[in-house]
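Visitor: Starting from these lines, generate the structure:
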Amino acid sequence: MLRLRKFLIAGGAERVDGREGLHGSALAAGVRSALRDDTGQDLTEYALLLAFVCLASSALFIGAEGSINAIWGTTNQLVNSAATLVS
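Guide: Reported below is the predicted structural model:
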């Protein structure tokens, strides 16, 4: 990637096998501009941080599945026994 970036920033090859290289093309200019521009870097970092937080929290929920099932099972038994006593 670094070699490609240096190649595009330098303007690309002038001629390759008798054809014009990337030096004058609008596509190469756009790619060079995108590689130099870092305005979206903060947004990308926040998106990666959010993805990490989501993955970590889902891993915690998966790990706590047994405890949550036990709590809901106990609560269900208590509610059922209370309903039986009332009726």
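Visitor: Could you list the low-confidence segments of the protein?
Guide: For the chain, applying pLDDT under 70 flags the ranges 1-24.
Visitor: Strands along that one, start to end?
Guide: Applying DSSP state E to the chain gives strands spanning 15-16, 19-20.
Visitor: Can you give the domain ranges for the chain?
Guide: Following automatic domain parsing, one gets these domains for the chain: 2-36, 41-86.
Visitor: Residues contacting stretch 37-52 from elsewhere in the structure, which ones?
Guide: Stretch 37-52 is contacted by no other residue when judged by Cβ atoms under 8 Å, 6 or more residues apart in numbering. Backbone N, C-alpha and C define where each C-beta goes, glycine included.
Visitor: hmm, back to that, and the domains of the chain, which is most packed in?
Guide: Greatest average neighbour count among the domains of the chain goes to domain 2-36 (a mean of 12), per mean count of other Cβ atoms under 10 Å.
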